[in-house]
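Visitor: Sequence first, predicted coordinates after that:
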Amino acid sequence: MMQNFYDIVKGKFLVNDDALKNWRFIIFLSLLALVMIASSHAADKKVHQISKLSNDVKELKSEYVDVRMRLMQSRMESKVIKAMASRGIVPSETPPQKIKIITKE
């Protein structure tokens with residue numbers, strides 16, 4: 001048991017007669033490790049990208065709410081009256097009348 005352990009530590013399994021089989025396995029494991037590392041980096045990159053995009057979405061939603069609030073305030077009757085008063089336009093004293101057109105068919 002101890003002799004097998006010393007053989008592994010000394011690297012005899014890499015230089016003996018059937019070492020080609022061991023080298024293939026070591027190269028396979030190395031390639032597998034590289035693929036795993038690349039996959040992990042790609043996943044981390046996607047996580048960072050998702051985080052950035054969700055922050056952008058939050059920012060755009062807040063901007064949308066702000067712009068919508070300003071639009072609603074600018075459409076209020078009191079704001080329109082105030083803006084038109086500076087141009088000399090005042091609201092009419094008489095209400096509008098509905099015009100009915102009767103067509104004969």
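Guide: Structure received. If you're wondering where the values come from, they're calculated on a predicted model, not measured in any experiment.
Visitor: Tell me which stretches of the protein form strands.
Guide: With strands called from DSSP state E, the chain shows none.
Visitor: Share the number of residues neighbouring the closest residue to Val90 other than its chain neighbours, please.
Guide: Leaving aside its sequence neighbours, Val90 sits nearest to Met84 (CB to CB, 6 or more residues apart in numbering; 7.2 Å). No exception for glycine: its C-beta is placed from N, CA and C like everyone else's. Using other CB atoms under 10 Å, Met84 has 12 neighbouring residues.
Visitor: What score does Met84 have for pLDDT?
Guide: Met84 carries a pLDDT value of 88.
Visitor: Also Leu14?
Guide: 74.
Visitor: repeat for Gly88
Guide: At Gly88, the pLDDT recorded in the model is 87.
Visitor: ok, now Ser40?
Guide: pLDDT, Ser40: 97.
Visitor: Helices along this protein, start to end?
Guide: Per DSSP state H, the chain carries helices over the ranges 2-10, 19-74, 77-85.
Visitor: could you give the angle of the second one to helix 77-85?
Guide: Meaning helix 19-74. In terms of direction (axes from the mean of the first three to the mean of the last three CA atoms, to 10 degrees), helix 19-74 departs from helix 77-85 by 70 degrees.
Visitor: For helix 19-74, what is the distance to the chain centroid?
Guide: Computed by CA atoms, centre = their mean, to the nearest Å, the chain-centroid distance of helix 19-74 equals 9 Å.
Visitor: Kindly report the same for the last one.
Guide: Going by CA atoms, centre = their mean, the spacing between the C-alpha centre of helix 77-85 and its chain's C-alpha centre is 41 Å.
Visitor: Same check on the first one?
Guide: Using CA atoms, centre = their mean, the mean C-alpha position of helix 2-10 is found 53 Å from that of the whole chain.
Visitor: Now do that helix: everything it contacts.
Guide: Phe13 (CB atoms under 8 Å, 6 or more residues apart in numbering).
Visitor: Cool, thanks, signing off.
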